[in-house]
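Enquirer: predicted structure and sequence below. I'll ask about it afterward.
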Amino acid sequence: MIGIGRGILAALGGLAIAELVGSVYMYRRTMIRCPGKANNERTIKMSGTDWNRYMPMIEERKERFLAHSREDVYLDSEDGLRLHATYFPEGDQKKVVICFHGYTSQGMKDYVALSDFYLKRGFSMLLVDARAHGDSEGRYIGFGCLDRRDALLWIQWALDHCGRDTDILLHGISMGGATVLMCTGLELPEQVRGVVSDCAFTSPREVFTHVLRSMYHMPAFPMMEISDWLNRRLAGYGLDECNAAREVKKAKIPALLIHGTGDGFVPSWMCDRIFENYGAAKRKLVIEGAAHAESYFKEMKQYESALDEWLEQEWRRV
């Protein structure tokens, strides 16, 4: 019996060590910046979108986009990181859209296609590199929880640069969508007129739990508890400390929420919950069959028409 008991204890100890090692490995892959820059190859594969079919259009728009004048902008975060964005002035510069990209991407990648829409409508564009992404400094990815504080600094930059009479729109995709929604729980300057959120998640914890179960076929417990503990001590925030579905209850500005029904990375029920909780004027655009971050490319006319209508009827009258 003693031998059996020792065997059971040894097996349990081995399982505990395996869980710990696996959790640390997943945490490092998910939460810590890759050497040099955040790498989005794995994220692209997980999204399930065949981006090759859209590349001719993207390359065409990229050429037009880069023909516009632009400048690199830098500022310091509250915790001392050097953050980067690219600014494209357009028109009278009194309409600015501040754009927040997705996980492991960067501003100049995610908004090449949408630049055609915004520049033609007289918007200047500020394309932000989130902390630990692109040319912004940082070791730990903020998943919107830290990035929303950085967003306040970019909003202030736009007001200082373009004037206090500037109207500001926040547009986010995926992690950037969560960022702009989490911003609505903060005290925003009155010049921020609204947010557009495309395929946002509710919180890092909830989206990681979904990915573990649906893509890796693994239980979330105890991996999420270990990851949350690590992140609180290393990055300074809990994985459900800031949840977009809770923050939007405090919203005072209108929102356009967009999601694809074919999104296997960030499930559409997250958009539904955010929409239900949103505390101000809101609209929702659902693109049938669109995978993660594919909505604009799959149904461009529908996307642009909805955005035009929302800008005319909601954003302008705030």
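Expert: Received, thanks. Source: prediction; values computed, not measured. Numbers count the residues shown, from 1 in each chain.
Enquirer: what's the first helix or strand after the host helix or strand of Cys271?
Expert: Using DSSP states H and E, Cys271 falls within helix 268-277. Using DSSP H and E, the helix or strand that follows helix 268-277 in sequence is strand 282-287.
Enquirer: dump whatever helix or strand comes next after that following strand to PDB, keeping only the CA atoms.
Expert: Heading C-terminal from strand 282-287, the first helix or strand you meet, by DSSP H and E, is helix 295-298. Provided in PDB are the C-alpha atoms of helix 295-298 (Å, rounded to 0.1, in the frame of the first residue of the first chain):
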ATOM      1  CA  SER A 295     -15.100  41.300 -42.500                       C
ATOM      2  CA  TYR A 296     -13.900  44.300 -44.500                       C
ATOM      3  CA  PHE A 297     -12.300  42.100 -47.200                       C
ATOM      4  CA  LYS A 298     -15.200  39.700 -47.500                       C
END
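Enquirer: which elements pack onto helix 295-298?
Expert: helix 112-120, strand 255-260, strand 282-287 (3 or more Cβ pairs under 8 Å, 6 or more residues apart in numbering; DSSP states H and E). (C-beta placed from N, C-alpha, C; glycine too.)
Enquirer: nearest to Cys145, of the ones you listed?
Expert: strand 255-260 (18.9 Å; Cβ to Cβ).
Enquirer: report the strands that pair with the closest one, each with its relative direction.
Expert: In the sheet, strand 255-260 lines up against strand 192-198 (parallel), strand 282-287 (parallel) (DSSP bridges).
Enquirer: just the mean pLDDT for the longest one, thanks.
Expert: If I follow you right, that is strand 192-198. Here strand 192-198 scores 97 as its mean pLDDT.
Enquirer: next SSE after that strand?
Expert: Assignment by DSSP H and E places the next element after strand 192-198 at helix 204-214.
Enquirer: return the set of buried residues in that next one.
Expert: Using 16 or more other Cβ atoms under 10 Å as the test for burial, helix 204-214 gives Pro204, Arg205, Glu206, Val207, Phe208, Thr209, His210, Val211, Leu212.
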